[in-house]
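Asks: Quick one, fold the following:
(one chain, ligands or ions: 1)
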Amino acid sequence: MAMSKPTSSVEQLFTKFCNSISFPEIQQLFDEICTQLGVDPNQQDGFYPAIKQSLKHWKATSLFQLLDDRSSLPEYEGGSVCAGRRVLVVGAGPVGLRGAIELAMLGAKVDLVEKRTEFTRNNCLHLWPFCITDLRNLGAKVLYSRFAYGTLEHISTKFLQSILLKISLLLGVKVHRGVSFDEIVEPTETGAGWRVTTTPQIASLSSYDFDAIIAADGNKRTLPGFRSRVFRPKLALGITINFVNNNTAKDSAVKELGGLSVMQCSDTFATLTTDHGIELENIIYFKNETHYFVMTAKKASLINKGVIKKDSKDVQELLKRSNVCNEALADFADEAATSCSGLQNPEIVRNHRGEKDVALFDFTTMHESENASRIVERRGKKLLLCVAGDTLLQPFWPSGTGCNRGFLGVFDAAWMFRGLCSEGADPIKLLEERESILTIFPQIFAHTLQKDIAHYSINPKTRYRGLNLIKPRMDVTQLYDSDSHPATASMPMVGRVGFEEIGVSHDSSDSEEERLSTEN
Ligand code: FAD
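Replies: Here you go, the predicted model:
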């Protein structure tokens, strides 16, 4: 007789859920937990109270306590301020997920689409103190005990995504994995509101009327009606490599390199050049689930070591697949990493494709969005469009600003949405406030923010200094595109347009200090 598979208890399932870092598994376990508890995972109204009432695992109790503490902040008004409103978040990178959490706490119904089906990035993200406090307060330590362990100020991207995904799910965010956002559809005469199309098409998603779309889609920049400025600081070729961390005494003994630059440690870099023929501008080493290195290498030495086969002035040509030798790249990165850190005979991690986890990236062409937000109104229905994270301002990874500025930007987007949902909202005032912050954004570092990180919230005043002195860098009336006002906006607001590039600037808005330092 066939034995039936024993069903896991909710306790067991929730333990697995807490420990998993696999995107599909986390979702599947969550659905199973909901089914066993008799809570409908598709129910968006009242989902959080329902699961909180039924899920009694001690870790869940700790998480709910932390989430209740956060949501008791006056900014959320008990979740009533955006109640009944609907938001689409594009992208389950750290920034999209973090934003989804805030929007859910404001009481909105949140759907998030992510075109990928797995979390695969081992690369480590540097976290500023406010980010560590923020994540700790959301329960990161409950879900991942090694979070911010000792002096650790970084986390691998996939661990961070998995933590934020779990919190989002508990708060009732509907996460659509393997679904790509395509287009925005204008309200119709027959009463439909702002809709979206996706691939594959999801029946529920295409029937919802949205009040806001927050795009944190990395370098894809899919949202129409935004312009991006391209800046070309100088040729900068970044390399990342991850080695297996066996957590042995030998692994522990190797000291992290918070950020060595040729300006600060000329001797180390000179030795690397004379002994190994490797020329770097900087290198960072973080120890986490992997030994992770990110470095910027000089083109000449990449050519001399056979990594780049043929020189070209055109960066795309230079870095095209057929012009890069992956084996030589792995050897180059391995030699540079081990020489600078003293790590002995490490094994390179295999990525999800079974290939060595080493990559070469171009930081020569960077994008920065001209504006962070727009409000569009058609047939009396407003839609807020915001961009956040790498979409707003592409980071130079060795500077370690990506995730930190990403969180700040998506808090600002959530705050703006809150403003728009409030009574008597003035779209122009909201645009002015959001765009003023963008003026100072490239100069934001941990040390230029408000000191009291324990009291940061989505309210920008709790995080930025001297906001009342800052003006938007553009005339924000252009960003309010309403069919009931004289047309001002010149960009198409709907359809599959994506960002329009509006010129190239050769002087970067990232200062040299930012490019080379991770001190902050
Ligand atoms: P991302 O993390 O890039 O997330 C964007 C998400 O949007 C992606 O998951 C993408 O699949 C999804 N998406 C895009 N278009 C659509 C669409 N149309 N529909 C649905 N989903 C969509 N930073 C460092 O500091 N150090 C590093 O070593 C480092 N390595 C990186 C390696 C890679 C391959 C990438 C892409 C980024 C790396 N970064 C690194 C940058 C860092 O990951 C980001 O700054 C940080 O994750 C915050 O990004 P985000 O959430 O804004 O965007």
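Asks: show me the contacts for residue 336.
Replies: Going by Cβ atoms under 8 Å, 6 or more residues apart in numbering, residue 336 touches 239, 272, 276, 278, 280, 283, 293, 295, 297. C-betas here are computed from N, CA, C, even on glycine.
Asks: The residues you listed, buried ones only, as a ChimeraX selection?
Replies: Only the buried entries of the contacts of residue 336 go into this ChimeraX selection, using 16 or more other Cβ atoms under 10 Å:
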select :239,272,278,280,283,293,295,297
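Asks: Which ones among the contacts of residue 336 lie within strands?
Replies: Per DSSP state E, strands hold the following members of the contacts of residue 336: 239, 280, 283, 293, 295, 297.
Asks: Looking at these, which two lie furthest apart in space?
Replies: 293 and 297 (11.4 Å; Cβ to Cβ).
Asks: Could you pull out the residues contacting both of those two?
Replies: In contact with both residue 293 and residue 297: 239, 336, using Cβ under 8 Å, 6+ apart.
Asks: Let me see the contact set for the closest residue to the ligand within the stretch 251-400 of the chain.
Replies: Residue nearest to the ligand within the stretch 251-400 of the chain (Cβ to the nearest ligand atom): residue 389, separated by 2.1 Å. Going by Cβ under 8 Å, 6+ apart, residue 389 touches 91, 93, 94, 95, 96, 216, 218, 402, 406, 409, 410.
Asks: if we go to 10 Å?
Replies: 91, 93-96, 98-99, 214-219, 395, 402-403, 405-407, 409-410, 413 (Cβ atoms under 10 Å, 6 or more residues apart in numbering).
Asks: In terms of pLDDT, where does the residue lying closest to it once chain neighbours are set aside sit?
Replies: With Cβ to Cβ, 6 or more residues apart in numbering as the criterion, residue 389 has its nearest non-adjacent residue at 3.2 Å, and that residue is residue 95. Residue 95 is assigned a predicted lDDT (pLDDT) of 98.
Asks: quick check, the helix or strand containing residue 95 touching the ligand?
Replies: Here residue 95, judged by DSSP states H and E, is contained in helix 94-105. Yes - judged by Cβ under 6 Å from any ligand atom, helix 94-105 comes into contact with the ligand at 94, 95, 96.
Asks: Quick check: the second one vs residue 256, distance?
Replies: It stands for residue 95. 25 Å (Cβ to Cβ, to the nearest Å).
Asks: Compare the two and say which one has the larger neighbour count.
Replies: Per other Cβ atoms under 10 Å, whichever of residue 95 and residue 256 has more neighbours is residue 95, with 31 against 17.
Asks: That one touches residue 386, doesn't it?
Replies: No - taking Cβ atoms under 10 Å as the definition, residue 95 is not a contact partner of residue 386, at 11.2 Å.
Asks: anything in contact with each of these two?
Replies: 89, 214, 215, 216, 392, 409, 410, 413.
Asks: For the third one, give me phi and psi.
Replies: It refers to residue 215. phi -100, psi 120 (degrees, to the nearest 10).
Asks: can you pull up the bridge partners for it?
Replies: Beta-bridge partners recorded for residue 215 (DSSP bridges): residue 90, residue 387.
Asks: How far off centre is stretch 279-294?
Replies: 20 Å (Cα atoms, centre = their mean, to the nearest Å).
Asks: quick one: is it near the ligand?
Replies: Yes - residues of stretch 279-294 are located near the ligand by Cβ under 6 Å from any ligand atom, namely residue 294.
Asks: Can you give me the first-to-last residue distance of that stretch?
Replies: 14 Å (Cα to Cα, to the nearest Å).
Asks: Just the buried residues of that stretch, please?
Replies: 279-294.
Asks: now stretch 194-205
Replies: 194, 195, 196, 198, 202, 205.
Asks: restrict those residues to those near the ligand?
Replies: Answer for the buried residues of stretch 194-205 near the ligand: none qualify (Cβ under 6 Å from any ligand atom).
Asks: surely residue 479 meets residue 369?
Replies: No - counting by Cβ under 10 Å, residue 479 sits too far from residue 369 to count as a contact (11.6 Å).
Asks: Compare neighbour counts for the two and give me the winner.
Replies: More crowded of residue 479 and residue 369, by other Cβ under 10 Å: residue 479, with 28 against 23.
Asks: what's the closest non-adjacent residue to residue 331?
Replies: Closest to residue 331 by Cβ to Cβ, 6+ apart is residue 305, at 7.5 Å.
Asks: OK, contacts around the one you found?
Replies: 276, 277, 278, 279, 297, 325, 328, 329, 331, 332, 335, 336.
Asks: which among those gets closest to residue 364?
Replies: residue 297 (12.6 Å).
Asks: Run a quick check on the closest one versus residue 237, I expect a contact.
Replies: Yes - the pair residue 297 and residue 237 qualifies as a contact (Cβ under 10 Å) at a distance of 5.4 Å.
Asks: what touches both of these two?
Replies: 281, 307, 308, 360.
Asks: which of those lies closest to residue 432?
Replies: residue 281 (39.0 Å).
Asks: Please report how far that closest one lies from residue 145.
Replies: 36 Å.
Asks: next one: residue 56
Replies: In terms of Cβ to Cβ, residue 56 sits 21 Å off from residue 145.
Asks: ok, now which ones touch residue 375?
Replies: Here residue 375 is in contact with 212, 382-386, 416, 420, 425, 427-428, 430-431, 434, 476, 479-482, 489, 493 (criterion: Cβ under 10 Å, 6+ apart).
Asks: how much space is there between it and residue 205?
Replies: 22 Å.
Asks: now swap in residue 162 and tell me
Replies: 23 Å.
Asks: Now do the residue in the stretch 151-300 of the chain that the ligand sits nearest to, the pLDDT please.
Replies: Distances between the stretch 151-300 of the chain and the ligand by Cβ to the nearest ligand atom are smallest at residue 218, namely 2.7 Å. Turning to residue 218, the model gives it a pLDDT of 93.
Asks: How about residue 514?
Replies: 43.
Asks: So which bits of the protein are right by the ligand?
Replies: 90-96, 113-116, 121, 123, 125, 157, 180-181, 216-218, 220, 222, 240, 294, 389-390, 395, 397, 400, 402-403, 406.
Asks: end-to-end on stretch 433-450?
Replies: 17 Å.
Asks: Quick check: mean pLDDT of it?
Replies: For stretch 433-450, the per-residue pLDDT averages 94.
Asks: which parts of it are buried?
Replies: So stretch 433-450, judged by 16+ other Cβ under 10 Å, has buried residues 433-438, 440-442, 444-446, 449.
Asks: Redo the residues you listed as CSV? Include secondary structure.
Replies: CSV is the format used below for the buried residues of stretch 433-450 (DSSP: H, G, I helix; E, B strand; the rest coil):
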residue, secondary structure
433, helix
434, helix
435, helix
436, helix
437, helix
438, helix
440, helix
441, helix
442, helix
444, coil
445, coil
446, helix
449, strand
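Asks: Over in the stretch 401-520 of the chain, which residue gets nearest the ligand? Let me know.
Replies: Counting by Cβ to the nearest ligand atom, the stretch 401-520 of the chain gets nearest the ligand through residue 402, at 2.4 Å.
Asks: if I pick the residue nearest to residue 171 when sequence neighbours are not counted, what's in contact with it?
Replies: Excluding the flanking residues, the one nearest residue 171 by Cβ to Cβ, 6+ apart is residue 104, at 4.1 Å. Residue 104 makes contacts with 44, 47-48, 67, 71, 76, 79, 82, 87, 89, 110, 112, 167-174, 414, as judged by Cβ under 10 Å, 6+ apart.
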